[in-house]
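Student: Next one to model:
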Amino acid sequence: MNSRTKLRVAALLLALSLAMPGRADPDAPRVWAVDQCVIVSETGEVIVPEGEYAEIRTVREGLFAARHIEDEGWLLLDAAGEIASEGPFEDVFGADGWVLFRQGGLWGAMDSALEVAYEPQYTQLVSNGENGFLALRTDPEDDNGDGVYRLDGHGGEVTTGAVTVYGLGEFSCGLCPATSAGKKRYGYLDADGLWAVSAQFGFALGFERCGLAVASVDSGVGLIDTGGNWVLSPRYETVALSAGNVLAAASTGTGRIILFDTETREKVADLSGSGSAYARTERLMDMALITIDGVVTLYGRTGEALASWQAEEGATVSSAGPDGLIVRTDEGEWLLSTAGEVLAGPFSRIRRLDDQLFSCEDEMGCQLVNAAGETVLATEYETVRRGVPGLYLARGGEEGAALIDREGNIRARIGPEDGEE
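Tutor: This next block holds a predicted model:
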């Protein structure tokens, strides 16, 4: 993925974020969109059954976007499944309590009461985290400069003087990565749309929860803090942060990898071999998976080796809660402890339902397995996925799709029996 694509992806991720403001009625049952097709309450009541809409997704708590079966238009539904806004919208998302919607190819914004605060007139809207936005009016996809506007959240708009290309990134730690049209270098804008960190980087990603961001200059890739200062010197070919943002793996590209603790900001391991070396961290909370000379080793945040095995082409590892791993190979999927002990498997598919429960599929069906690898329920279903807290979406049974509890009791049916229309 090149730097321009990374920045555009970061900007898109903002639109996908879900805002969770205070609830109007704290005693009302909470409701969720399940499996992109139904709305269910925490008590198991089906608010909107399967088949009414082609797709349903959460905008914020108690507000959902639903796409018509007949066309691509979206509307908004409230917690009771009633139409809150007919639209139709080409797209709609939640961001920091706002509802962003697209009509005629342009973006506008509604407030928490679904009143239009800004008509659709912008090519990009990015919530600045201070009840306002940064916005563009011109095409961010071309190479021409785009003037940046600040919207105050009350209908006001001012130009900031900043001119960018390739769009705006997602705000994090109060800063938004952007590329200066004049310098063609990356820097960071603040909530007012002013350059808080000057455009000086070959590329710069959004800041993570650890307050650090991956950035590059001509000498290489490193980590910077919110002041634009180097915390990990830019002398590496790649730098990857773990999903928990506590461990960074920096590769020199010459068979050497450095592990760096983002909290203590100290090097915890210096690894090398005679051949190639590469790191995987994106699916691991506070660990790094390092492959050196054909051997895969899992390292903890203090640099200790937790487990190792021979590399297999196509093998991947992801976190399975605080004490487990899911290992995927061509032969199947296994549930392992962080010490490398095989707890369960192989299965054709393992899905993490929560920190203590997993859905494990094979040719015999689907079973629920706990974090110790013990089967707690053998089901009659083909698949079981996350539903609402404490309930799971089961599909492929003789009686159709249903929400079941941990003991397998059906709490609600959400679709027709297999073969029914």
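
Student: where exactly do the helices run in the stretch 101-250 of the chain?
Tutor: Ranges of helices in the stretch 101-250 of the chain, per DSSP state H, counting those that start in this stretch: none exist.

Student: Next up, the contacts around the closest residue to residue 180 other than its chain neighbours.
Tutor: In this structure, residue 180 finds its nearest non-sequential neighbour in residue 199, 3.5 Å apart by C-beta to C-beta, 6 or more residues apart in numbering. No exception for glycine: its C-beta is placed from N, CA and C like everyone else's. By C-beta atoms under 8 Å, 6 or more residues apart in numbering, the contact list for residue 199 reads 178-180, 182-183, 185-187.

Student: if I look at residue 199, how far off is residue 188?
Tutor: 9 Å (C-beta to C-beta, to the nearest Å).

Student: Overlap in contacts, those two.
Tutor: In contact with both residue 199 and residue 188: residue 178, using C-beta under 8 Å, 6+ apart.

Student: Show me which strand runs longest in the chain.
Tutor: strand 157-168 (DSSP state E).

Student: Which other helices and strands does it contact?
Tutor: Packing partners of strand 157-168 (3 or more C-beta pairs under 8 Å, 6 or more residues apart in numbering; DSSP states H and E): helix 3-16, strand 124-127, strand 133-136, strand 146-151, strand 176-180, strand 186-189.

Student: rank these by pLDDT, which is bottom?
Tutor: Note on those: helix 3-16 shows the lowest mean pLDDT, a mean of 31.

Student: How much space separates residue 236 from residue 40?
Tutor: Applying C-beta to C-beta to residue 236 and residue 40 gives a distance of 47 Å.

Student: Just list the residues touching residue 249, thanks.
Tutor: Here residue 249 is in contact with 239-240, 242, 257-260, 279, 281, 288, 290 (C-beta under 8 Å, 6+ apart).

Student: quick revisit: selection in PyMOL covering whichever of the contacts of residue 199 are buried, please.
Tutor: Buried residues among the contacts of residue 199 (16 or more other C-beta atoms under 10 Å), as a PyMOL selection:
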select buried, resi 178+179+180+186+187
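
Student: Serialize the contacts of residue 199 to a markdown table and add fields for distance to residue 270.
Tutor: Converted to a markdown table, these look like this (distance: C-beta to C-beta, whole Å):
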| residue | distance to residue 270 |
| --- | --- |
| 178 | 35 |
| 179 | 34 |
| 180 | 36 |
| 182 | 40 |
| 183 | 35 |
| 185 | 31 |
| 186 | 29 |
| 187 | 31 |
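
Student: got any ranges where the protein has weak pLDDT?
Tutor: 1-32, 34-36, 282-283, 311-315, 399, 415-421 (pLDDT under 70).

Student: mind checking the SS state of the residue located most distally from the centre of it?
Tutor: In terms of distance from the mean C-alpha position of the chain, residue 274 ranks first, at 35.9 Å (C-alpha atoms, centre = their mean). Under the three-state scheme (DSSP: H, G, I helix; E, B strand; the rest coil), residue 274 adopts coil.

Student: How about it: what's its closest non-neighbour residue?
Tutor: Closest to residue 274 by C-beta to C-beta, 6+ apart is residue 293, at 6.0 Å.

Student: looking at it, that neighbour is touching residue 278, isn't it?
Tutor: No. Using C-beta atoms under 8 Å, residue 293 makes no contact with residue 278, being 11.3 Å away.

Student: So for the two, which sits in the more crowded spot?
Tutor: residue 278 (16 against 12; other C-beta atoms under 10 Å).

Student: and the helix or strand containing that one, which strands flank it?
Tutor: Assessed by DSSP states H and E, residue 278 sits inside strand 277-280. Paired with strand 277-280 in the same sheet, following DSSP bridges, are strand 288-292 (antiparallel).

Student: What is the neighbour count of residue 94?
Tutor: Around residue 94 there are 25 residues (other C-beta under 10 Å).

Student: now the one 10 residues further on
Tutor: By other C-beta under 10 Å, 9 other residues sit near residue 104.

Student: cool, and residue 156?
Tutor: By the measure other C-beta under 10 Å, the count of residues near residue 156 is 11.

Student: Can you tell me how far the closest residue to residue 234 other than its chain neighbours is from residue 41?
Tutor: Closest residue in space to residue 234, ignoring its immediate chain neighbours: residue 222 at 3.6 Å, by C-beta to C-beta, 6+ apart. Using C-beta to C-beta, one obtains 48 Å as the distance from residue 222 to residue 41.
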